[in-house]
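> Structure for this input, please:
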Amino acid sequence: MIAEQYAYFPALNATLNGTSAALLLTGRYFISRKRILAHRACMLGAVIASSLFLGCYLYFHYHVGNILFLGTGWIRPVYFSILISHILLAIIIVPLVIVTLIRGLAGRYRMHRAVARWTWPLWMYVSITGVVVYFMLYHWFPHS
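Next up is the predicted model:
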(Lines give C-alpha, C1' and ligand atoms only; values in the text may rest on other atoms or scores of the structure.)
Protein backbone atom coordinates (compact mmCIF):
# COMPACT_ATOMS: atom_id res chain seq x y z
CA MET A 1 0.00 0.00 0.00
CA ILE A 2 1.27 3.46 -0.91
CA ALA A 3 1.49 5.97 1.94
CA GLU A 4 -1.10 8.73 1.59
CA GLN A 5 1.44 11.52 1.03
CA TYR A 6 2.77 9.70 -2.06
CA ALA A 7 -0.53 8.38 -3.44
CA TYR A 8 -0.95 11.13 -6.04
CA PHE A 9 2.45 10.52 -7.67
CA PRO A 10 1.44 7.66 -10.01
CA ALA A 11 -1.37 9.74 -11.56
CA LEU A 12 0.89 12.79 -11.72
CA ASN A 13 3.60 10.76 -13.45
CA ALA A 14 1.12 9.37 -15.98
CA THR A 15 -0.18 12.88 -16.62
CA LEU A 16 3.34 14.16 -17.23
CA ASN A 17 4.03 11.26 -19.62
CA GLY A 18 0.75 11.89 -21.43
CA THR A 19 1.51 15.60 -21.63
CA SER A 20 4.89 14.83 -23.13
CA ALA A 21 3.29 12.56 -25.74
CA ALA A 22 0.71 15.21 -26.65
CA LEU A 23 3.42 17.87 -26.98
CA LEU A 24 5.59 15.55 -29.08
CA LEU A 25 2.69 14.86 -31.42
CA THR A 26 1.77 18.54 -31.66
CA GLY A 27 5.40 19.52 -32.19
CA ARG A 28 5.70 17.05 -35.04
CA TYR A 29 2.57 18.49 -36.62
CA PHE A 30 3.96 22.02 -36.38
CA ILE A 31 7.32 21.16 -37.93
CA SER A 32 5.53 19.39 -40.80
CA ARG A 33 3.83 22.76 -41.44
CA LYS A 34 7.16 24.64 -41.16
CA ARG A 35 5.95 26.40 -37.99
CA ILE A 36 9.36 26.35 -36.34
CA LEU A 37 8.61 28.54 -33.32
CA ALA A 38 5.49 26.54 -32.44
CA HIS A 39 7.49 23.32 -32.92
CA ARG A 40 10.24 24.63 -30.65
CA ALA A 41 7.73 25.61 -27.95
CA CYS A 42 6.11 22.16 -28.03
CA MET A 43 9.42 20.33 -27.92
CA LEU A 44 10.71 22.47 -25.04
CA GLY A 45 7.42 21.75 -23.28
CA ALA A 46 7.94 18.02 -23.86
CA VAL A 47 11.46 18.27 -22.40
CA ILE A 48 10.07 20.07 -19.34
CA ALA A 49 7.22 17.55 -18.89
CA SER A 50 9.60 14.60 -19.27
CA SER A 51 12.12 16.16 -16.88
CA LEU A 52 9.42 16.78 -14.28
CA PHE A 53 8.28 13.20 -14.77
CA LEU A 54 11.78 11.85 -14.18
CA GLY A 55 12.21 13.91 -11.02
CA CYS A 56 8.81 12.86 -9.65
CA TYR A 57 9.35 9.23 -10.63
CA LEU A 58 12.71 9.04 -8.86
CA TYR A 59 11.37 10.83 -5.77
CA PHE A 60 8.34 8.52 -5.58
CA HIS A 61 10.32 5.30 -5.96
CA TYR A 62 13.00 6.47 -3.52
CA HIS A 63 10.30 6.87 -0.86
CA VAL A 64 7.92 4.06 -1.81
CA GLY A 65 10.08 1.44 -3.49
CA ASN A 66 8.89 -0.88 -6.23
CA ILE A 67 5.23 -1.48 -6.95
CA LEU A 68 4.41 -5.11 -7.70
CA PHE A 69 2.33 -6.03 -10.71
CA LEU A 70 -0.55 -8.26 -9.59
CA GLY A 71 -1.85 -9.44 -12.96
CA THR A 72 -1.70 -13.18 -13.59
CA GLY A 73 -1.72 -15.43 -16.62
CA TRP A 74 -0.98 -14.21 -20.14
CA ILE A 75 -1.01 -10.53 -19.12
CA ARG A 76 2.12 -10.91 -16.97
CA PRO A 77 4.56 -11.42 -19.86
CA VAL A 78 2.74 -8.68 -21.80
CA TYR A 79 3.17 -6.26 -18.88
CA PHE A 80 6.83 -7.11 -18.36
CA SER A 81 7.56 -6.84 -22.10
CA ILE A 82 6.08 -3.34 -22.09
CA LEU A 83 7.83 -2.41 -18.84
CA ILE A 84 11.27 -3.69 -19.83
CA SER A 85 11.17 -2.06 -23.27
CA HIS A 86 9.92 1.14 -21.64
CA ILE A 87 12.77 1.21 -19.11
CA LEU A 88 15.51 0.35 -21.62
CA LEU A 89 14.33 2.92 -24.13
CA ALA A 90 13.86 5.52 -21.37
CA ILE A 91 17.55 5.13 -20.53
CA ILE A 92 18.54 5.43 -24.20
CA ILE A 93 16.26 8.39 -24.86
CA VAL A 94 17.83 10.75 -22.30
CA PRO A 95 21.09 11.39 -24.19
CA LEU A 96 19.22 11.37 -27.51
CA VAL A 97 16.86 14.10 -26.29
CA ILE A 98 19.77 16.16 -25.01
CA VAL A 99 21.68 15.90 -28.32
CA THR A 100 18.54 16.61 -30.35
CA LEU A 101 17.68 19.62 -28.19
CA ILE A 102 21.19 21.08 -28.32
CA ARG A 103 21.40 20.70 -32.10
CA GLY A 104 17.99 22.26 -32.63
CA LEU A 105 18.61 25.22 -30.31
CA ALA A 106 22.04 25.77 -31.90
CA GLY A 107 20.45 25.99 -35.33
CA ARG A 108 22.25 22.91 -36.64
CA TYR A 109 19.07 21.75 -38.32
CA ARG A 110 20.50 19.11 -40.67
CA MET A 111 22.21 17.36 -37.73
CA HIS A 112 19.11 17.96 -35.58
CA ARG A 113 16.85 16.24 -38.11
CA ALA A 114 19.27 13.31 -38.46
CA VAL A 115 19.04 12.44 -34.76
CA ALA A 116 15.40 13.59 -34.32
CA ARG A 117 14.33 10.85 -36.74
CA TRP A 118 15.39 8.38 -34.03
CA THR A 119 14.62 10.47 -30.97
CA TRP A 120 11.01 11.30 -31.74
CA PRO A 121 9.56 7.78 -32.18
CA LEU A 122 11.53 6.39 -29.24
CA TRP A 123 10.49 9.28 -27.00
CA MET A 124 6.87 8.91 -28.10
CA TYR A 125 7.01 5.17 -27.32
CA VAL A 126 8.46 5.84 -23.86
CA SER A 127 5.83 8.50 -23.11
CA ILE A 128 2.90 6.35 -24.23
CA THR A 129 4.10 3.14 -22.58
CA GLY A 130 4.59 5.08 -19.35
CA VAL A 131 0.85 5.80 -19.36
CA VAL A 132 0.06 2.17 -20.28
CA VAL A 133 2.19 0.89 -17.37
CA TYR A 134 0.34 3.27 -15.03
CA PHE A 135 -3.06 1.95 -16.14
CA MET A 136 -1.92 -1.65 -15.89
CA LEU A 137 -0.56 -1.18 -12.35
CA TYR A 138 -3.18 1.11 -10.83
CA HIS A 139 -6.43 0.61 -12.76
CA TRP A 140 -6.57 -2.62 -14.73
CA PHE A 141 -4.77 -4.84 -12.17
CA PRO A 142 -4.79 -2.70 -9.00
CA HIS A 143 -3.64 -3.52 -5.50
CA SER A 144 -6.46 -4.04 -3.02
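> where's the closest residue to Ile82 other than its chain neighbours, which helix or strand?
Once flanking residues are discounted, Ile82 sits nearest to Thr129: 5.4 Å by CB to CB, 6 or more residues apart in numbering. Placement of C-beta: from N, CA and C, glycine included. The secondary structure element spanning Thr129 is helix 109-135 (assigned by DSSP states H and E).
> Which strands or helices does that helix pack on?
In terms of contacts (3 or more CB pairs under 8 Å, 6 or more residues apart in numbering; DSSP states H and E), helix 109-135 is packed against helix 9-32, helix 36-64, helix 75-105.
> Buried ones in that helix, by neighbour count?
Along helix 109-135, these residues count as buried under the neighbour rule (16 or more other CB atoms under 10 Å): 112, 115-116, 119-120, 123-134.
> Quick check: mean pLDDT of it?
Across helix 109-135, the average pLDDT comes to 98.
> what does stretch 94-106 give?
This predicted structure assigns stretch 94-106 an average pLDDT of 97.
> start the count at 24, not 1, going forward
Got it, first residue is 24 now, which makes that one stretch 117-129.
> what's the nearest residue to the residue most central in space within the chain if we skip its chain neighbours?
By CA atoms, centre = their mean, the chain has its centre lying nearest to Ser150, at 2.8 Å. Excluding its sequence neighbours, the residue lying closest to Ser150 (CB to CB, 6+ apart) is Ala44, at 3.8 Å.
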